[in-house]
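Student: Here you go, sequence then predicted model.
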Amino acid sequence: MSICFPKLVEAAILTSLLAYSPMELRIRNITKTYANGVKALSNVNLTIPAGMYGLLGPNGAGKSTLMRTLATLQEPDEGTITLGNLDVLNQKAEVRQTLGYLPQEFGVYPKVSAEELLDYFAVLKGITRRALRREVVESLLRQTNLWEVRRQRLGGYSGGMRQRFGVAVALLGNPKLLIVDEPTAGLDPAERVRFLNLLSELGESSVVILSTHIVADVSELCTHMAIINQGKILLEADPLRAVASLQGKIWRKLIDKHALASQSAEHKIISAKLLSGRTLVHAYSPENPGGGFEPVEPDLEDVYFSTMTGHYAPAQQQPEREEANV
Ligand code: ADP
């Protein structure tokens, strides 16, 4: 059975669909050079949908500069950023109302308890009604698994507990944009797993950006990702599709560590790690490279290293898509 709309209604529906702006962060042509001449961001273009988004890159790549810019804490030299209908660079107060930001390092008042400090930040966020505030604080402390230790002083918290407290603060006021900068650096493996589980439970209606230099953080959590190096976006991709597109192109071999230089001269070596005193190398090659290499199932590390070494530049790479996704 088909439904017939009068022409005018049809036109109205079409217009409203076209005008519908999903919660999406659009970064266009963002450039930043610091006073010392370091070009930290170079013409960055990204379209970040709701859900978990991984921004992956080595130290010094420009991740924090981009995160601080998105968090309205510093100005770019050029470019525009929109979050839904908000102009991020010109409507800072409105953006801050709906922003949660967990920076790489943040101080806590060591003598205050988690419950007291969260209550205080809730007041700052504008949650002034006491009963509502009590509810919000309790719910966040439970969500971050800090309820049992809510009365302990923050100075006695472990690194992982402090990070989870940071998430509780960042989640105050149900942000539409949550920025988490290098959250797992310095956590022990158990704390890291607990922290990633917490992030994975966050709502899918918000944009959550996780900046990290740890490939596993992205492969375990994110549905979309970008790789950044020296201020430039090298790849924007869906992690699973990027891994699938390397199928049949990654090869491995155990070599003596002294042979690394000669192997690198002969093959497109993308990574080398120690394994029981020998060196395990991965090479990129669309065909069998011979020389004793055997095929290996690619993973996101292979995507990362082949992108960083310039051997992988697929079609998903930084499309020029000004206003393409209407
Ligand atoms: P990441 O977060 O990926 O480690 P950053 O954004 O912190 O990268 O840094 C990118 C580059 O900009 C680095 O070369 C860094 O040394 C430089 N940089 C960062 N902040 C400043 C600053 N305030 N002044 C000058 N240079 C800076």
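Tutor: Arrived safely. Numbers count the residues shown, from 1 in each chain.
Student: Let me know the helix or strand that residue 179 is in.
Tutor: strand 177-181 (DSSP states H and E).
Student: Who are the packing partners of that strand?
Tutor: Counting contacts by 3 or more C-beta pairs under 8 Å, 6 or more residues apart in numbering; DSSP states H and E, strand 177-181 is packed against helix 63-70, strand 99-102, helix 159-170, strand 207-212. (Each C-beta comes from the backbone N, C-alpha and C, glycine too.)
Student: Now for residue 307, how many residues are close by?
Tutor: Neighbour count for residue 307, taken as other C-beta atoms under 10 Å: 21.
Student: Settle this for me: it is touching residue 236, isn't it.
Tutor: No - the criterion here is C-beta atoms under 8 Å, and residue 307 misses it with residue 236 at 10.6 Å.
Student: and the end-to-end length of stretch 214-233?
Tutor: From its first residue to its last, stretch 214-233 covers 17 Å (C-alpha to C-alpha, to the nearest Å).
Student: Flag every buried residue along it.
Tutor: 214-215, 217-222, 224-229, 231-233 (16 or more other C-beta atoms under 10 Å).
Student: Can you flag which of these belong to strands?
Tutor: 224, 225, 226, 227, 228, 229, 232, 233 (DSSP state E).
Student: which stretches of the chain form strands?
Tutor: Using DSSP E, strands in the chain cover 24-33, 39-49, 51-56, 78-83, 86-87, 99-102, 177-181, 207-212, 224-229, 232-237, 250-255, 269-275, 278-284, 294-295.
Student: Export the ones you listed to TSV and append columns for mean pLDDT and distance to the ligand.
Tutor: Shown next, in TSV, are these (pLDDT from 0 to 100; distance: least, C-beta to the nearest ligand atom, whole Å):
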stretch	mean pLDDT	distance to the ligand
strand 24-33	97	8
strand 39-49	97	4
strand 51-56	95	9
strand 78-83	97	15
strand 86-87	96	23
strand 99-102	91	14
strand 177-181	93	7
strand 207-212	94	7
strand 224-229	97	7
strand 232-237	96	12
strand 250-255	96	26
strand 269-275	94	20
strand 278-284	96	24
strand 294-295	97	33
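Student: As CSV, the helices and strands packed on strand 177-181 with mean neighbour count would be great.
Tutor: Putting the helices and strands packed on strand 177-181 into CSV (neighbours: other C-beta atoms under 10 Å) gives the following:
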stretch, mean neighbour count
helix 63-70, 23
strand 99-102, 22
helix 159-170, 22
strand 207-212, 24
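Student: Break the chain into its domains for me.
Tutor: As recorded under automatic domain parsing, the domains making up the chain are 24-237, 243-308.
Student: looking at those domains, which is buried most?
Tutor: Mean neighbour count (mean count of other C-beta atoms under 10 Å) peaks for domain 24-237 among those, with a mean of 18.
Student: Over to it now: how far is its first residue from its last?
Tutor: 16 Å.
Student: Likewise for stretch 83-99?
Tutor: Terminal-residue distance, stretch 83-99 (C-alpha to C-alpha): 10 Å.
Student: can you give me how far it is from the chain middle?
Tutor: Its chain's average C-alpha position is 19 Å from that of stretch 83-99, according to C-alpha atoms, centre = their mean, to the nearest Å.
Student: which bits of this protein sit near the ligand?
Tutor: Applying C-beta under 6 Å from any ligand atom, we find that the chain lies next to the ligand at 34, 36, 38, 40, 57, 59, 60, 61, 62, 63, 64, 65.
Student: Not counting sequence-adjacent ones, nearest residue to the fifth one?
Tutor: For residue 57, the nearest residue in space outside its immediate sequence neighbours is residue 228; the separation is 3.9 Å by C-beta to C-beta, 6 or more residues apart in numbering.
Student: Run a quick check on that neighbour versus residue 61, I expect a contact.
Tutor: Yes - shown here, residue 228 and residue 61 form a contact pair, counting by C-beta under 8 Å, at 4.7 Å.
Student: Settle this for me: residue 291 is touching residue 252, isn't it.
Tutor: No - between residue 291 and residue 252 there is no contact under C-beta under 8 Å: 11.8 Å.
Student: Looking at the strands of the chain, which is nearest to residue 188?
Tutor: strand 207-212 (16.3 Å; C-beta to C-beta).
Student: What strands flank that closest one, and is each parallel or antiparallel?
Tutor: Strand 207-212 has the following sheet partners, assigned by DSSP bridges: strand 51-56 (parallel), strand 177-181 (parallel).
Student: what is the orientation angle of the first one with strand 232-237?
Tutor: Taking axes from the mean of the first three to the mean of the last three C-alpha atoms, to 10 degrees, strand 51-56 and strand 232-237 form an angle of 140 degrees between their directions.
Student: Could the C-alpha coordinates of strand 51-56 be exported in PDB?
Tutor: Output of strand 51-56 as PDB, limited to C-alpha atoms (Å, rounded to 0.1, in the frame of the first residue of the first chain):
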ATOM      1  CA  GLY A  51      28.900   8.400  19.000                       C
ATOM      2  CA  MET A  52      32.500   7.600  19.900                       C
ATOM      3  CA  TYR A  53      35.100   9.100  17.600                       C
ATOM      4  CA  GLY A  54      38.800   8.400  18.000                       C
ATOM      5  CA  LEU A  55      41.500  11.000  17.200                       C
ATOM      6  CA  LEU A  56      44.700   9.000  17.000                       C
END
